[in-house]
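Asker: Predicted structure and sequence below. I'll ask about it afterward.
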Amino acid sequence: MSLEKYWRKRDFKETPEPQGEVAPAGTQRTYVIQKHVARRLHYDFRLEMAGVLKSWAIPKGPSLDPAQKRLAVHVEDHPLAYGDFEGVIPDHQYGAGTVMLWDRGVWISEGDPLAAYERGHLKFRLQGERLFGNWALVRMSSRGEARQDNWLLIKGVDEHARSGAAAEITEQQTHSVRSRHSMEEIALQRGDAMAAPSALDTDRHTREPPSQVEALPDFIKPQLATLADRLPAAGEWLAELKYDGYRILARIDGGVVQLWSRNHHDWTARMPLIAEALSALNVESAWLDGEVVAIDKAGQISFQSLQNAFPKNDGRGRAPRLLYFLFICSGSMAKICAACRKRNARRDWRRYWRNSIGIAPLNMASISPKGMAKSMHTPACMVRRG
């Protein structure tokens, strides 16, 4: 494999992109997807193979719908170091425009990846922050002297597949998995500094060494109510509403969010907006225990709306507003929850309701302008998206 074409197209005295080199093969193959606004918006899909990133430009981005075969134009190999790049490529440079690190993870090939690549039919699984499951890259038949090496990116039929609006994950996930910034925020930070580690990444590296930090558990059991015959006669206790929703545990580790059911099933892909809302918080690591509920058109908590929010096998389903009520917070999130309990509830709620993502105390008479709930006395937090 060679990077000659990549090097030839770029002036590394002008662009913050890494020059890089062909690297030795690793034990795991990484993949990245970079959202790139150059002459037009596209998504660069890159698979680590033979020490470089094999790359395809996908004009419409990936789709979770197996029926959607997305054009993927094969472009020059990139160095592995490019997998960390996020920033602005200056004017008059190749690919000038804004680049966002939209997804990252590892990929697992079915069979020999180099042989499959040469045949023009790659089948693989993705284990990323946003994309999961079975995928395929298939080379289209050449039509004479084609100027482009055209392939198709196709989602496999599995539990991660969706259809309709639920399949358009690029419209649902619009922030960087690295900096949590939008494209507009990245574009405002022009210069070489964008190619260096972000402030968030730098902060992580300057914290205590891992050996001095308690490891985050892989899973925790939710705190459940204890059945009793009568109310306690003394001591500190609170009456808590029964939320008509799904109990969800959120694990945040290094800014990466995973959502789990109480039975340890991964629900991250089923609640992408909740995961995105949590990933935008300034939280390094935490376990959150709470309830996800759906709000109907009348502003009420509705279990029927929650059941309709998730597509069945045919991928169909509606998308009501989902709220995540937090009961228990651990790790760096605990300070945020503690601060919630000390605030003036009604004043702060109004401010957070206007934000796209909010955390608010629930010890208030009413937590929405439409009277979503009439009596809440549980000190907790709420995260909402949209």
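Answerer: Structure received.

Asker: And the helices in this structure?
Answerer: In the chain, the helices defined using DSSP state H lie at 4-8, 113-119, 169-172, 183-188, 199-205, 272-279, 303-308, 333-342, 345-353.

Asker: biggest strand in the chain by residues?
Answerer: In the chain, with assignment by DSSP state E, the single longest strand is strand 97-109.

Asker: Which helix or strand in the protein has the lowest average pLDDT?
Answerer: None of the helices or strands of the chain scores lower by mean pLDDT, DSSP states H and E than strand 357-358, at a mean of 32.

Asker: Strands along the stretch 201-350 of the chain, start to end?
Answerer: For the stretch 201-350 of the chain, the strands defined by DSSP state E, counting those that start in this stretch cover 246-253, 256-261, 285-295, 321-329.

Asker: What does the pLDDT read for W135?
Answerer: Looking at W135, its pLDDT is 97.

Asker: what sits against it?
Answerer: Listed by C-beta atoms under 8 Å, 6 or more residues apart in numbering, the contact set of W135 reads K123, F124, R125, L126, L153, I154, K155, G156. The C-beta positions use only the backbone N, C-alpha and C, and glycine is treated the same way.

Asker: Just the closest of the residues you listed to R29, please.
Answerer: Nearest to R29 out of the contacts of W135 is F124 (C-beta to C-beta; 8.8 Å).

Asker: Could you report the neighbour count for the closest one?
Answerer: By the measure other C-beta atoms under 10 Å, the count of residues near F124 is 20.

Asker: Verify the stated contact: it with W107.
Answerer: Yes - with contacts counted by C-beta atoms under 8 Å, F124 reaches W107, the gap being 5.0 Å.

Asker: Mind listing the shared neighbours of these two?
Answerer: In contact with both F124 and W107: L47, using C-beta under 8 Å, 6+ apart.

Asker: Report the beta-bridge partners for the closest residue to G111 other than its chain neighbours.
Answerer: Spatial nearest neighbour of G111, excluding adjacent residues (C-beta to C-beta, 6 or more residues apart in numbering): K123 at 7.7 Å. Taking DSSP bridges, one obtains A136 as the residues bridged to K123.

Asker: K123 contacts Y117, correct?
Answerer: No - at 11.1 Å, K123 does not count as touching Y117 under the criterion of C-beta under 8 Å.

Asker: So, low pLDDT: which residues of the stretch 51-200 of the chain?
Answerer: Along the stretch 51-200 of the chain, the model assigns pLDDT under 70 to residues 141-147, 190-200.

Asker: Show me the strands in it, by range?
Answerer: Secondary structure of the stretch 51-200 of the chain (DSSP E, counting those that start in this stretch): strands located at 52-58, 70-78, 87-89, 97-109, 121-128, 132-139, 149-155.

Asker: Could you say which of those is packed most deeply?
Answerer: For these, the largest average neighbour count (mean count of other C-beta atoms under 10 Å) is found in strand 87-89, namely a mean of 24.

Asker: Now do it: distance to the chain's middle.
Answerer: Mean-position distance between strand 87-89 and its chain equals 21 Å (C-alpha atoms, centre = their mean, to the nearest Å).

Asker: who touches L80 in this structure?
Answerer: Contacts of L80 by C-beta under 8 Å, 6+ apart are G20, A23, T30, E48, G51, V52, L53.

Asker: What separation do you get for the third one and P222?
Answerer: If you measure T30 against P222 using C-beta to C-beta, to the nearest Å, the figure is 33 Å.

Asker: swap in the fourth one?
Answerer: Distance of E48 to P222, computed by C-beta to C-beta: 37 Å.

Asker: Settle it for me: which of the two has more neighbours?
Answerer: More crowded of E48 and P222, by other C-beta under 10 Å: E48, with 21 against 16.

Asker: one step back: for the residue nearest to G111, what are its contacts?
Answerer: S109, E110, G111, A116, N134, W135, A136, G156.

Asker: Same question for R70.
Answerer: Residues in contact with R70 (C-beta under 8 Å, 6+ apart) are I58, P59, K60, G61, P62, S63, L152, L153, I154.

Asker: Go again with 6 Å.
Answerer: Residues in contact with R70 (C-beta atoms under 6 Å, 6 or more residues apart in numbering) are I58, K60, S63, L153.

Asker: which residue sits closest to the third one in space, ignoring its chain neighbours?
Answerer: Leaving aside its sequence neighbours, S63 sits nearest to A167 (C-beta to C-beta, 6+ apart; 5.1 Å).

Asker: What of D296?
Answerer: Nearest residue to D296 in three dimensions, chain neighbours excluded: S302, at 4.0 Å (C-beta to C-beta, 6+ apart).
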